[in-house]
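K.L.:
No sequence on hand, only this structure:
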C-alpha cells in the first residue's frame, strides 16, 4: 500500500497530491475485486431483468416493490450515508442510527467506510487533484484530456481505477463506531437483502414463484443498477460547471443544481447548494428545489427520532414554521 505524498505529472507540471490517497497495493486490489464482483452481479442481473420483462412481463407487484425499494434505499443513501455519516448533519440514538446504517448499506454503493472516506476527500478537493471522482481529474491528479472522458470517469469509471481512499485518514470516526463497522463487516448480507431477499420474499408472498422472479430481477437487481446510475449523475452532471443545471452560489468548483436529478435522488441533485452549506440537513433554497430527504429529516426531528438537526443558513426553521423558504444569492 502506498499513500501518495509524492509528485505526479499534470500537463507538464509537477503537482503534489494530498495525503490519504492510496495507489496500488493490497487495498486497491481488494477494492477492485469487490467492485468487479459486485458490479458483475448487478450488470448480469440487470440484463436478465430486461430479458425477463420483455419475455414474461411484469405487474403492479413488481412496480410497487421497485418504487418502494428505490425510495427506501435512495433515502438511505442521502440521509444515512451522506448527511448523517459523512457530514453529521443530525444526530440520533443507537437504534435509529442502526436503521440508517442498514438502509444506507442497502443502497449497494460500497461500504459505509469507503463511501464516507471518498466523499470527505471529494469535499476537501472538489474538482481539483485529489478529488476521488471529479469530471476534471483522475484519481492520481492527471487532468482528463476531454470532457466526455471526464464525465465517464465521474459517472462510474473511477470505481475501477487503481486508486483508493485511506479510511484511517478520512474516516477515523467510522472506524471507531461499532454500529457503522458492524454494517461494514456484514455489507454483503445487506446487499443481498436489498437486491434479492426482500424483493423476492415480497414477490413470493404476493404472487408466488413467477412474481418472486420478477421482483428479484426487476425490483431488485435492475433497481439497484438504476439507483447507482442516478446517484452517479450527481458526480458527473452536477459537476458540469454550468453545462447542465444552474449555479445558485459562485463557488471555486464545478458544482451545479439539476432539478431532474434532484427529483430522482430525493434532493441530492441540489449539489451546488450542498457544497455551499455541506453540513445542512435540508438543502433546498427555493420552493421549486425538491429535497424530500431533507424534509423527512426535519419531520423526524419533529417526532423526536433525530435531534441536533444542523441548519447553517436559516432555511430549515422557515420550512418548519410554514414560511416561504429564503432563496440564497
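P.N.:
Thanks, I have the structure now. What you see is a predicted model, and the numbers here were worked out from it, not measured in a lab.

K.L.:
now the strands: where do they sit in the stretch 1-150 of the chain?
P.N.:
7-10, 13-16, 21-23, 91-92 (DSSP state E, counting those that start in this stretch).

K.L.:
State the distance from the spatially closest residue to residue 289 that is not a sequence neighbour to residue 141.
P.N.:
Sequence neighbours aside, residue 270 is the residue nearest to residue 289 in space, at 5.4 Å (criterion: CB to CB, 6 or more residues apart in numbering). C-beta: built from backbone N, CA, C; applies to glycine. For residue 270, the distance to residue 141 equals 28 Å [CB to CB, to the nearest Å].

K.L.:
Remind me what the biggest helix by length in the chain packs against, helices and strands.
P.N.:
Counting by DSSP state H, the longest helix found in the chain is helix 26-55. Packing partners of helix 26-55 (3 or more CB pairs under 8 Å, 6 or more residues apart in numbering; DSSP states H and E): strand 163-165, helix 198-214, helix 223-236.

K.L.:
Quickly compare those and say which is most buried.
P.N.:
strand 163-165 (a mean of 23; mean count of other CB atoms under 10 Å).

K.L.:
what's that strand packed up against?
P.N.:
Using 3+ CB pairs under 8 Å, 6+ apart, strand 163-165 sits against strand 21-23, helix 26-55, helix 112-124.

K.L.:
ok, then the element right after that strand?
P.N.:
Following strand 163-165 in sequence order, the next helix or strand is helix 167-170 (DSSP states H and E).

K.L.:
Name the residues of the helix or strand that that next one is followed by that come out as buried.
P.N.:
Sequence-wise, the next helix or strand downstream of helix 167-170 (DSSP H and E) is helix 172-175. Within helix 172-175, the residues that qualify as buried are residue 174, counting by 16 or more other CB atoms under 10 Å.

K.L.:
what about helix 172-175, average pLDDT?
P.N.:
For helix 172-175, the mean pLDDT works out to 97.

K.L.:
hmm, who's touching that helix?
P.N.:
Residues outside helix 172-175 that contact it (CB atoms under 8 Å, 6 or more residues apart in numbering): 85, 112-113, 116-117, 167-168, 180-181, 184.

K.L.:
Going through those residues, which ones are buried?
P.N.:
Buried subset of the contacts of helix 172-175 (neighbour count, 16+ other CB under 10 Å): 85, 112-113, 116-117, 167, 180-181, 184.

K.L.:
where are the low-confidence patches of the stretch 51-200 of the chain?
P.N.:
In the prediction, the stretch 51-200 of the chain carries no residues with pLDDT under 70.

K.L.:
I'd like to know how many residues surround the closest residue to residue 107 other than its chain neighbours.
P.N.:
Closest residue in space to residue 107, ignoring its immediate chain neighbours: residue 77 at 4.0 Å, by CB to CB, 6+ apart. Residue 77 is flanked by 27 other residues according to other CB atoms under 10 Å.

K.L.:
give the contact list for residue 77.
P.N.:
By CB under 8 Å, 6+ apart, residue 77 lies in contact with 104, 107, 109, 227, 231, 265, 268.

K.L.:
how does it look with 10 Å?
P.N.:
Residues counted as contacts of residue 77 (CB atoms under 10 Å, 6 or more residues apart in numbering) are 83, 103-109, 115, 227-228, 230-231, 265-266, 268, 293.

K.L.:
In helices only, show me the residues you listed.
P.N.:
Short answer: those in helices (DSSP H) are 103-105, 115, 227-228, 230-231, 293.
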